[in-house]
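Trainee: test case, fold it:
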Amino acid sequence: MPSSVPSFGDLLGKCQRSAVHLEMRDFYAPTERFEAWQRGERIDWTDRDSWWHPYDQLISDTVARGVTIRRAR
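Mentor: Below you'll find the predicted structure:
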């Protein structure tokens, strides 16, 4: 059965002023990137393809439209 719930991207696309990301976790499981950082490895920010993800683009596009995005913990 298809879901009638809009996707996160659809909802953010309709946002006009502000959005709040509610974080519910007390902690996050380590990621490969975090563990690499702990080993002293650093991200090459000039190599955007190595770290840029669709979520990053969605947030960037939303902020570019003038929407304020905040985090609530």
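Trainee: I'd like to know which helix or strand in this protein has the lowest mean pLDDT.
Mentor: helix 32-38 (a mean of 89; mean pLDDT, DSSP states H and E).
Trainee: what sits up against the next helix or strand after it?
Mentor: As assigned by DSSP states H and E, the chain's next helix or strand after helix 32-38 is helix 54-64. Contacts with helix 54-64, where a contact means Cβ atoms under 8 Å, 6 or more residues apart in numbering, come from 8-9, 12-13, 15, 19, 69. Yep, even glycine has a C-beta here, placed from its N, CA and C like the rest.
Trainee: which one of these is nearest to Trp37?
Mentor: Ile69 (23.4 Å; Cβ to Cβ).
Trainee: tell me how many other residues crowd that closest one.
Mentor: When counting by other Cβ atoms under 10 Å, one arrives at 13 neighbours for Ile69.
Trainee: what does Pro30 give?
Mentor: With other Cβ under 10 Å as criterion, Pro30 counts 10.
Trainee: if we can go back for a sec, now intersect the contacts of helix 54-64 with the strands, please.
Mentor: 19, 69 (DSSP state E).
Trainee: can you pull the pLDDT of Cys2?
Mentor: Just to correct that, residue 2 is Pro rather than Cys. Listed pLDDT for Pro2 reads 69.
Trainee: no wait, Tyr28
Mentor: Confidence at Tyr28, expressed as pLDDT, is 79.
Trainee: where does the prediction get shaky in the chain?
Mentor: 1-2 (pLDDT under 70).
Trainee: please repeat the previous calculation with a cut-off of 90.
Mentor: Low-confidence segments of the chain, defined by pLDDT under 90, are located at 1-4, 8, 21, 23-34, 43, 45, 49-51, 73.
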